[in-house]
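Colleague: sharing a sequence plus its predicted fold:
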Amino acid sequence: MWAVVGCGAAGLFARREFDGEQAMRYVTAQLAFGPRVPNTDGHRRAGDWIQQQLQARADSVDVQVFTHVTAQGDTLRLRNFIGRFRPELRDRVLFLAHWDTRPRAEKSPNLADQQRPVPGADDGASGVAVLLGVADALKKRPPAGVGVDLLFVDGEDYGDFNAGHDVLLGSKHYASTLPPDRRPLFAVLFDMVGDKDLRIEQEGYSVERAPEVVERVWAKARELGYQRYFVSTVGTSVTDDHLPLLDAGVRAIDVIDLDYAYHHTTDDTADKVSARSLQIVGDVAVALVR
């Protein structure tokens with residue numbers, strides 16, 4: 001347990017709802033499957049596990065099964081999972097995270113490691129862990145005035161971000177199937193949110209294209225006493241899963257801590273992630289739908 005300076009009643013209540021230690025266990029559970037690279041056994045088993053977790057918690061679960069042919073001609077077998085709470089409510093909030101991991105750790109200093117897959121403790125597992133922790137909270141106490149959708153997207157991290165090939169596949173598929181009259185009120189992407197040295201700046205595209213959602217999230221963080229971790233500074237613009245949603249007319253932002261030395265390396269392991277950081281982000285997420 002740690003002290004939270006300036007944390008009011010709302011923050012204390014949110015902290016009771018979200019369990020950072022349990023979220024950390026969700027991180028280690030994912031890593032036990034090995035790298036979650038599309039078309040591998042670890043990827044298949046991790047996806048089955050996410051589906052099972054949602055079926056035990058959400059009011060309804062949708063699975064989007066789709067394929068993608070890569071620039072090299074390989075066919076990827078992919079799945080998005082959507083856990084819905086209060087599906088009968090028209091006004092909805094969307095939280096999302098990617099659950100796949102990168103097949104090549106190209107930023108590793110060791111040349112041999114650059115051909116190995118990324119374990120994905122922070123880049124992948126941390127966002128999934130936050131969403132599952134939110135699912136735990138909503139299972140115990142369903143949302144009242146707004147429905148909540150938890151979207152786990154596949155194929156985010158497979159290909160070449162510089163060229164725009166074979167990346168953001170799950171969010172592109174979800175956005176292409178989203179009826180225009182069923183857009184959520186707003187969406188928040190949680191990506192790389194488990195770093196022990198948590199410092200989340202306001203992502204550039206989010207500030208440019210959905211500033212009111214950025215302010216909503218950062219105001220909630222301030223209310224909970226977390227302004228040290230959710231910093232009111234505009235940071236880098238990131239190609240991430242919020243962009244296909246923005247292009248589809250969804251007011252979506254990216255909550256991401258890019259200052260992470262182990263990004264796209266084989267050292268993105270569980271010891272780099274902390275329950276405390278997951279707790280902070282999870283508290284904000286739960287408070288946003290209360």
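Modeller: Now that the structure is in, tell me what you want to look at. Numbering: from 1, shown residues only.
Colleague: use CA for all of it now, contacts and neighbours both
Modeller: Noted.
Colleague: could you pull out the helices for the stretch 101-250 of the chain?
Modeller: 126-140, 169-177, 204-209, 211-223, 242-247 (DSSP state H, counting those that start in this stretch).
Colleague: nearest to residue 48, out of those helices?
Modeller: helix 126-140 (13.6 Å; CA to CA).
Colleague: rounded mean pLDDT for that closest one, please.
Modeller: Averaged over helix 126-140, pLDDT sits at 98.
Colleague: now it: buried residues?
Modeller: Across helix 126-140, burial judged by 16 or more other CA atoms under 10 Å covers 126-139.
Colleague: now that helix, how far from the centre of its chain.
Modeller: Distance of helix 126-140 from the chain centroid (CA atoms, centre = their mean, to the nearest Å) equals 10 Å.
Colleague: contacts for that helix next, please.
Modeller: The contact list for helix 126-140 (CA atoms under 8 Å, 6 or more residues apart in numbering) reads 17-20, 22-24, 26-27, 53-54, 57-58, 85, 95-99, 150, 152, 190-194, 273, 278, 281-282, 285-286.
Colleague: in strands, which of those residues fall?
Modeller: With strands taken from DSSP state E, the overlap with the contacts of helix 126-140 comprises 85, 95-98, 150, 152, 190-191.
Colleague: and residue 164, how far from residue 244?
Modeller: According to CA to CA, to the nearest Å, residue 164 stands 12 Å off from residue 244.
Colleague: how about residue 91?
Modeller: 21 Å.
Colleague: quick one, which of these two is more surrounded?
Modeller: residue 244 (21 against 16; other CA atoms under 10 Å).
Colleague: how about the contacts made by the more buried one?
Modeller: 168, 171-172, 175.
Colleague: of those, which is the most crowded?
Modeller: Counting by other CA under 10 Å, top hit in the contacts of residue 244: residue 171 with 26 neighbours.
Colleague: which residues touch that residue?
Modeller: 153-154, 156, 241-242, 244-245.
Colleague: change it to 6 Å
Modeller: 153, 241 (CA atoms under 6 Å, 6 or more residues apart in numbering).
Colleague: and the pLDDT for it?
Modeller: 98.
Colleague: do residue 182 as well
Modeller: So residue 182 comes in at 89 (pLDDT).
Colleague: count of residues packed around it?
Modeller: A total of 11 residues lie near residue 182 under the criterion other CA under 10 Å.
Colleague: separation between it and residue 38?
Modeller: Computed as CA to CA, the residue 182 to residue 38 distance reads 29 Å.
Colleague: likewise for residue 257?
Modeller: Counting by CA to CA, the gap from residue 257 to residue 38 is 24 Å.
Colleague: any idea which element residue 83 lies in?
Modeller: strand 75-85 (DSSP states H and E).
Colleague: chain center to that strand, what's the gap?
Modeller: The answer for strand 75-85 is 13 Å, by CA atoms, centre = their mean.
Colleague: just stretch 204-220 next, same as before
Modeller: Worked out by CA atoms, centre = their mean, stretch 204-220 lies 16 Å from the chain centre.
Colleague: can you pull the buried residues of that stretch?
Modeller: Neighbour count says stretch 204-220 has 204-207, 209-214, 217-220 buried, by 16+ other CA under 10 Å.
Colleague: give the contact list for residue 101.
Modeller: With CA under 6 Å, 6+ apart, residue 101 has these contacts: 36-37, 120, 157.
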